[in-house]
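> what's the 3D shape of this:
(one chain, ligands or ions: 1)
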Amino acid sequence: MNAQISVSNADEVLRLIEQASEKNFLPIIGPEKGKFLAEEIRKAEPRRVLEVGTLIGYSAILMGKEMDHKSEILTIELHRDEAELAGKNIVRANIPAKIQIIVGDALQVIPTLKGPFDFAFIDAEKTEYLQYLNLAEDKLAKGAIVFADNAGVFADQMGDYLDYVRNSGKYRSRYIQVGGDGVEISVKL
Ligand SMILES: C[S@@+](CC[C@H](N)C(=O)[O-])C[C@H]1O[C@@H](n2cnc3c(N)ncnc32)[C@H](O)[C@@H]1O
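Model prediction:
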């Protein structure tokens, strides 16, 4: 990713990250699945969003540009270098929502966070999705939306998570196929 982005517009920053990802693959949610994420954010109008897996800020910018200045996103990233680049991209995107990046392992960070959150976007280590959700669960408001990326390509690794949101009775959950992958969108009951 070229760190020399010199624009101050969210759409342009998103396009530049997409272009960088075409040259050197970056595991961003991307524009096709991102359209569904943005749509869910627009519908839910969340005040507080929890994101697990910041990378370089693409999805945080995508969500934050749909939110107003009274709302915030807390986003957790394991790697400091990526979190720093995310911080720069987020400043350049100049979006209304406040975004706080927390560097650390989500498994350790989530228990330290104060709820409530009314939206969660999970997009980090696939085998840990269920642990992230279980740690965040009592901080999620009733009706909160939990949006999980890669529920198609990594369905096997996320099997315990998908079984939980679909069959525990605690969520109303649906899968949306998008190209060769998919997203799982679950509403906390
Ligand atoms: C698929 S990328 C996130 C992409 C980003 N959500 C987007 O769409 O632009 C996954 C990120 O999760 C981070 N990650 C993996 N395990 C993590 C953990 N336990 N805690 C926090 N971040 C983690 C990785 O370092 C990586 O940057």
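
> Would you check that residue 188 makes contact with residue 147?
No - using Cβ atoms under 8 Å, residue 188 is not in contact with residue 147, being 11.9 Å away. C-beta here means a position set from N, CA and C on the backbone, and glycine is covered the same way.

> show me where pLDDT drops low in the protein?
The chain contains residues with pLDDT under 70 at 1-8.

> Just say helix, strand or coil for the residue nearest the centre of it.
Centroid-nearest residue in the chain, with Cα atoms, centre = their mean: residue 121, separated by 3.5 Å. Classification of residue 121 using DSSP: H, G, I helix; E, B strand; the rest coil returns strand.

> mind checking how far it is from residue 50?
7 Å (Cβ to Cβ, to the nearest Å).

> Which residues of the chain lie near the ligand?
By Cβ under 6 Å from any ligand atom, the part of the chain that sits against the ligand consists of 27-29, 53, 55, 58-59, 76-79, 82, 105-107, 123-125, 128.

> how about the helices in this structure?
Assigned by DSSP state H, the chain shows helices spanning 10-23, 30-44, 58-64, 80-93, 106-109, 129-136, 159-167.

> which one of the ones you listed is the most hemmed in?
Mean neighbour count (mean count of other Cβ atoms under 10 Å) peaks for helix 58-64 among the helices of the chain, with a mean of 27.
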